[in-house]
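Enquirer: Structure for this input, please:
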Amino acid sequence: MDYATFLRSQWQDLVDSWLGLDNRLGTSFAWIALPDIDWVQKLAEPGFSGGGGRWAPLPGIAPTDALMRHDSRSRPQLWVKPEDKADGDGRYAAYWAAFVRQLGHGAPASEVNGQKLAVDHLFPETAAARRGWLLVRTMPVDRRSNSLLGSTTEKVDANRGGVHRPRKATALTISKVTGFQGSFARRHDPKAIAAALLAHLRSCGLHVPDGVLLPDDQEGGMIAGLIDFYRR
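Expert: Presented below is the predicted three-dimensional model:
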């Protein structure tokens, strides 16, 4: 599998998990942040929601810094120790390169099909680091989408406290994974942002089956409410 195809599969896997397409319950199992070792162990338990599969180290990288997970459907994931962005030293891209190399795919590229990419935490690394959490899931995403979200909602998250519990992907996580180019700035109406994001999800090129999302007024209302949460 070439690198572009592999990267697309990473994005699709997350979307499938967020939509609940990968389990018979139709429930989101899109885990993106784990606060402690207990939750790492839970994700290895077949009977746990979204659990099963196995964890493995990456060659040459300490298991306290990064781990590879194959979920119950053998889909690979990269999880890394979060760091406060102010203290970061660029290791995440190196971890991603080691992950891709271990899986035997083509070498990572900073641009794929004209899309400029950045290796990013799916849960804000600064927020997770300041809370002392153990691991966050990582993959390359569109640079501009990442910046648009990071300068608004993720910036707020970094300066808040947080309940000690694992986190799953939200519609906002999916926005940067799918390359949404809309702004989340306060000058924009949350309902308009939500409507634009829903339209984007249906046209982004990833598989989002008809009928899997709630009707636009309901799904959009939940997304708008999530945006409002970060504006309080």
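
Enquirer: going forward, measure contacts and count neighbours with C-alpha atoms only.
Expert: OK.

Enquirer: who are the neighbours in contact with residue 117?
Expert: Counting by CA atoms under 8 Å, 6 or more residues apart in numbering, residue 117 makes contact with 110, 111, 140, 141, 142, 143.

Enquirer: thinking residue 76 is in contact with residue 70, fair?
Expert: Yes - counting by CA atoms under 8 Å, residue 76 does reach residue 70; the two are 4.5 Å apart.

Enquirer: where's the residue in the chain sticking out farthest from the centre relative to residue 193, distance?
Expert: Here the chain reaches farthest from its C-alpha mean at residue 187, the gap being 25.7 Å by CA atoms, centre = their mean. Taking CA to CA, to the nearest Å as the criterion, residue 187 is separated from residue 193 by 11 Å.

Enquirer: ok, now residue 122?
Expert: Applying CA to CA, the value for residue 122 to residue 193 is 20 Å.

Enquirer: Equivalent analysis for residue 135, please.
Expert: Shown here: residue 135 relative to residue 193, a distance of 30 Å by CA to CA.

Enquirer: Could you do residue 32 as well?
Expert: Applying CA to CA to residue 32 and residue 193 gives a distance of 23 Å.

Enquirer: what does residue 166 give?
Expert: When residue 166 is compared with residue 193 (using CA to CA), they lie 26 Å apart.

Enquirer: cool, and residue 4?
Expert: Residue 4 sits 28 Å away from residue 193, taking CA to CA as the criterion.

Enquirer: and if you look at residue 217?
Expert: For residue 217, the distance to residue 193 equals 13 Å [CA to CA].

Enquirer: same deal with residue 47?
Expert: Applying CA to CA, the value for residue 47 to residue 193 is 38 Å.

Enquirer: Am I right that residue 102 sits in a strand?
Expert: No - read with DSSP: H, G, I helix; E, B strand; the rest coil, residue 102 is helix and lies in no strand.

Enquirer: now the contacts of residue 117: which count as buried?
Expert: Buried members of the contacts of residue 117, counted by 16 or more other CA atoms under 10 Å: 140, 141, 142, 143.

Enquirer: In helices, which of these appear?
Expert: Among these, the members found in helices (DSSP state H) are residue 143.

Enquirer: Take the buried ones among the contacts of residue 117 and write them to JSON lines, including pLDDT and distance to residue 183.
Expert: Listed next are these as JSON lines, based on pLDDT from 0 to 100; distance: CA to CA, whole Å:
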{"residue": "140", "pLDDT": "97", "distance to residue 183": "20"}
{"residue": "141", "pLDDT": "96", "distance to residue 183": "16"}
{"residue": "142", "pLDDT": "95", "distance to residue 183": "14"}
{"residue": "143", "pLDDT": "95", "distance to residue 183": "13"}
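
Enquirer: got the buried ones among the contacts of residue 117 as JSON lines, with distance to residue 25 columns?
Expert: Below are the buried ones among the contacts of residue 117 laid out as JSON lines (distance: CA to CA, whole Å):
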{"residue": "140", "distance to residue 25": "29"}
{"residue": "141", "distance to residue 25": "28"}
{"residue": "142", "distance to residue 25": "30"}
{"residue": "143", "distance to residue 25": "33"}
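
Enquirer: among the buried ones among the contacts of residue 117, which two are most distant?
Expert: The most widely separated members of the buried ones among the contacts of residue 117 are 140 and 143, with 8.6 Å between them, by CA to CA.
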